[in-house]
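Could you look at this predicted model? Sequence included:
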Amino acid sequence: MRTIMLALAAAVSLSACATGQGASESASARDCFFAEQINGFEVVDDQSVQIRVGASDRYVLTTLFNTRDLDWSNSIALRSTTGSICTGGGVGVEIIGGDPRRTYPVQSIARAPEPAPEAQNG
């Protein structure tokens, strides 16, 4: 049985998200997670993949390449050069997978919108 290798970034150093910004600014402006927290994914459209993090958080990763070209039946991985993955520009984050293996640089990362509540009339 093949496992999803989304936790590949766990092998990379687990450095913090903050860069040269002030601590309070980076804490309020950045929304970060670690790759080992990812527990699922789905293709949203030709350039977007939605990932599930923890019990209820969802993020959309956008790339300039066609995500439908990935062979999703095989393992995929998410790699980050910093160890953590934060909303904003996707610099240093890549989606890797398929057969043959392909690398898709991530252009942006955003928290997915909350799903609309189901109609309760009925």
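Ah, there it is.

Might one say that Tyr104 is in contact with Ile96?
Yes - using Cβ atoms under 8 Å, Tyr104 makes contact with Ile96 at a distance of 7.4 Å. Heads up, the C-betas are built off the backbone N, CA and C, glycines and all.

Now do the same contact list for Leu64.
Taking Cβ atoms under 8 Å, 6 or more residues apart in numbering, we find Leu64 in contact with Gln47, Pro105, Gln107.

How about Phe34: what's its closest non-neighbour residue?
Across the structure, with Cβ to Cβ, 6 or more residues apart in numbering as the measure, the residue nearest Phe34 apart from its sequence neighbours is Ser84 (5.7 Å).

Please apply the same query to Thr87.
Asp31 is the one closest to Thr87 (Cβ to Cβ, 6+ apart), at 4.4 Å.

what residues are up against the one you found?
Cys86, Thr87, Arg111.
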